[in-house]
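>>> Give me the fold of what follows.
(one chain, ligands or ions: 1)
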Amino acid sequence: MGFVLYEQKGAIGVITINRPEALNALNSQVLDDLEATFKGVNLDEVRCLVLTGAGEKSFVAGADIGEMSTLTKKEGEAFGKKGNDVFRMIETFPIPVIAAVNGFALGGGCEISMSCDIRLCSDNAMFGQPEVGLGITPGFGGTQRLARLVGQGMAKQLIYTAKNIKAAEALRIGLVNQVVSAETDEAGNVVKSAQENLLAVAEKMANTIALNAPIAVRNCKKAINEGTQVDMDKALVIEEKLFGDCFETEDQKAGMGNFLEKDKEKKLKVVPFKNK
Ligand code: CO8
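Numbering: from 1, shown residues only. A predicted model of the protein is given here:
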């Protein structure tokens, strides 16, 4: 795929937006390549994805300003819809997606990270919604997802001021779950750069998720995504259905049977979870 790389590593997959000469800015082609890459993931084998950007400097520096600069109102709306459709596909993708944010996550970059389930970032990461400085609104879901993630007050501050924030502030307001620094040895020499270490941490988390029952993990994603959009009574019905759906699966029988056997050795073994 031209602007997107994909590597399957056992039960996890790593998707890399690969347009470093433009700091991985999202033009129509990148969006098309992303959509095709997600659609090509082998869901019989892959249980968790990591999404990152090529290079040390930038995750995604936004939607492509050059491409947007000449759009009419109608074309602007269509471009917004194109981004929204791809990001919603990521948000509702059956398996979890971890954003490994290496550097700039501005505009559409911050927005695509927010369509992922979990955000981890390197200590040089920079987040922001600079759109109002460009005369537009955050049009790839930013007004909606940022407000849901960090609360309306903080989202409005970030969006109205168009001021970028560093990794530590993103952690403080709950926009990211973890900030990853370079790994050093006892003498203080860098063993892994922040970017390398970020990917290692993200892949380790993805592998941890991949060891758990895949149907249960998928159902948790669906329950949280769908349940948080409706009132509590409806949300609990959604949860009940997805909970019930796990019973009679091989995962549920093996997972609980393993525990009940009270065989410590066996309990420690990884259950060979299957997708049924
Ligand atoms: N679009 C297109 N090209 C970009 C973008 C971008 N968003 N960001 C960087 N580039 C390009 C630069 O033009 C430059 O290209 P060239 O070498 O050909 O001149 C190359 O990447 C390197 O960039 P810089 O030289 O600017 O690198 P610096 O280290 O000096 O600066 C910054 C890095 C601070 C990230 C700077 O590049 C910057 O400010 N970029 C724009 C950030 C931004 O405003 N992003 C938000 C864009 S708007 C958006 O995302 C809206 C989403 C919703 C769309 C809704 C549709 C209707």
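>>> Let me see the contact set for the residue of the stretch 151-276 of the chain found nearest the ligand.
Nearest residue of the stretch 151-276 of the chain to the ligand (Cβ to the nearest ligand atom) works out as N164 at 8.1 Å. No exception for glycine: its C-beta is placed from N, CA and C like everyone else's. N164 makes contact with L106, M126, F127, G128, P130 under the criterion Cβ atoms under 8 Å, 6 or more residues apart in numbering.
>>> can you pull out the strands in the stretch 1-150 of the chain?
For the stretch 1-150 of the chain, the strands defined by DSSP state E, counting those that start in this stretch occupy 4-9, 12-17, 48-53, 58-60, 97-101, 104-106, 118-122, 126-128.
>>> Determine which of these approaches I112 most closely.
For I112, the closest of the strands of the stretch 1-150 of the chain is strand 58-60, at 5.9 Å, according to Cβ to Cβ.
>>> And the contacts of the closest one?
Contacts of strand 58-60 (Cβ under 8 Å, 6+ apart): 17, 20, 23-26, 52-53, 99-106, 108-109, 112-113, 121, 125.
>>> Which ones among the residues you listed also lie next to the ligand?
Filtering those for neighbours of the ligand using Cβ under 6 Å from any ligand atom leaves L23, A25, F104, L106, G108.
>>> Could you export these as CSV, including pLDDT and neighbour count?
Converted to CSV, those look like this (pLDDT from 0 to 100; neighbours: other Cβ atoms under 10 Å):
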residue, pLDDT, neighbour count
L23, 98, 20
A25, 98, 25
F104, 98, 24
L106, 98, 24
G108, 98, 27
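>>> hang on, the earlier thing: can you select the buried ones among the contacts of strand 58-60 for me in ChimeraX?
Typed into ChimeraX, the line below selects the buried ones among the contacts of strand 58-60, using 16 or more other Cβ atoms under 10 Å:
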select :17,23,24,25,26,52,53,99,100,101,102,103,104,105,106,108,109,112,113,121,125
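>>> May I ask you to confirm that V201 is in contact with V179?
No - contact between V201 and V179 fails when scored by Cβ atoms under 8 Å: they sit 10.0 Å apart.
>>> okay, and the common contacts of these two?
Joint contacts of V201 and V179 (Cβ under 8 Å, 6+ apart) are L120.
>>> need the residues of the protein near the ligand, please.
Near the ligand, when you scan the chain using Cβ under 6 Å from any ligand atom, you find 22-23, 25, 61-66, 68, 76, 79-80, 83, 104, 106-108, 130-131, 134, 138-140.
>>> Cool, thanks, talk later.
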